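>>> below are the sequence and a predicted model; questions follow.
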Amino acid sequence: MIAVIKGDIIASRKLTNPEKWLNPLKKLLGAWGKTPGQWELVWGDFFQLEIASAADALNKALEIKALVKSIDPVDANKKISTIDVRMAIGIGEKTYTAPRISESNGPAFINSGEKFEKLKQAKSTLAIQTPWEDFDEEINLYLKLAGTFMDSWSISSAELMKIVLEHPDATQEEIGAVLGIKQNSVSGRWKRAKADEVLEIENVFRKKLKDRIQ
């Protein structure tokens, strides 16, 4: 099984310089695969990403979320980014591989597409669709609850979460060295970002998915 993430950037038109988010996002996606076979940015602010290991899907979605929420706002006095990201994770098989991901097909692509279309109506910025309805109900509840604080991540919280998700074994001292702040400041940001809760949800998702796939 693979995972497919379909997403778009919320309020992207409010930024006069799209390169502020385009370049970092391209760099992140480029570290995970090649375009246009494994990821693609189209129609200005829509993207699609294929992930070979379905268990890594939520971690990568959260990394994208943290990246976008760390983009400087239009109003320099604001502490929260002007933009956000809406994503649907689809899990399933891949039955057809095309040179472009937008032309590849299979249940994973269908699941992500169907869920993406329902995100606005569900007032959610992150959700999943798999072959298992009970799995989706549980994980989507966690993601919806997490959205109540992740959607409000400040720039500093998002910067911290980028490092935490990319280096989950990093100590607070090591994170502080990267951010140029002291350990006690890292601890404060950690609590405000609710990093423990985010990591717990990611671990639950990974474990429950592993149980289903095996």
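Thanks, I have it. Numbers count the residues shown, from 1 in each chain.
>>> can we go C-alpha only for contacts and neighbour counts from here?
OK.
>>> can you tell me the centre-most residue of this structure?
With distances taken as Cα atoms, centre = their mean, the residue of the chain nearest its centroid is A61 (2.1 Å).
>>> does that residue fall in a helix, a strand, or a coil region?
Using DSSP: H, G, I helix; E, B strand; the rest coil, the secondary structure recorded for A61 is helix.
>>> same question, the one 10 residues further on
With three-state DSSP as the basis, the three-state label of I71 is coil.
>>> tell me the contacts of it?
K20, W21, S81, T82, I83, I155 (Cα atoms under 8 Å, 6 or more residues apart in numbering).
>>> how about I181?
Per Cα under 8 Å, 6+ apart, neighbours of I181: none.
>>> hang on, the earlier thing: do you know how far the residue nearest to the centre of the chain is from L209?
Using Cα to Cα, to the nearest Å, we find A61 at a distance of 15 Å from L209.
>>> for E202, same thing?
The gap separating E202 from L209 is 11 Å, by Cα to Cα.
>>> just so I have it, where are all the strands in this protein?
2-10, 39-42, 46-51, 84-92, 126-129 (DSSP state E).
>>> looking at those, which is closest to G106?
strand 84-92 (7.5 Å; Cα to Cα).
>>> give me the pLDDT for K123.
Note for K123: predicted pLDDT of 87.
>>> wait, what's in contact with it?
Counted by Cα under 8 Å, 6+ apart, K123 has zero contacts.
>>> picking up where we left off before, and which of the contacts of I71 is nearest to L141?
Closest to L141, out of all of those and judged by Cα to Cα, is I83, at 23.5 Å.
>>> returning to that earlier point: hang on, the residue nearest to the centre of the chain packs against G90?
No - counting by Cα atoms under 8 Å, A61 does not reach G90; the two are 11.4 Å apart.
>>> shared neighbours, the two?
Joint contacts of A61 and G90 (Cα under 8 Å, 6+ apart) are I5.
>>> picking that back up, roughly how far does the residue nearest to the centre of the chain sit from S187?
For A61, the distance to S187 - Cα to Cα - is 24 Å.
>>> count the neighbours of K120 for me.
When counting by other Cα atoms under 10 Å, one arrives at 11 neighbours for K120.
>>> and if you look at D196?
11.
>>> and if you look at the one 5 residues further on?
A count of nearby residues for I201, using other Cα under 10 Å, gives 17.
>>> per-residue pLDDT, the residue nearest to it when sequence neighbours are not counted?
Nearest residue to I201 in three dimensions, chain neighbours excluded: Y142, at 6.9 Å (Cα to Cα, 6 or more residues apart in numbering). Y142 is assigned 97 on the pLDDT scale.
>>> any idea how far D45 is from Y142?
Taken as Cα to Cα, the span from Y142 to D45 is 26 Å.
>>> helices of the chain, start to end?
19-32, 57-69, 107-122, 133-150, 155-166, 172-179, 183-193, 195-213 (DSSP state H).
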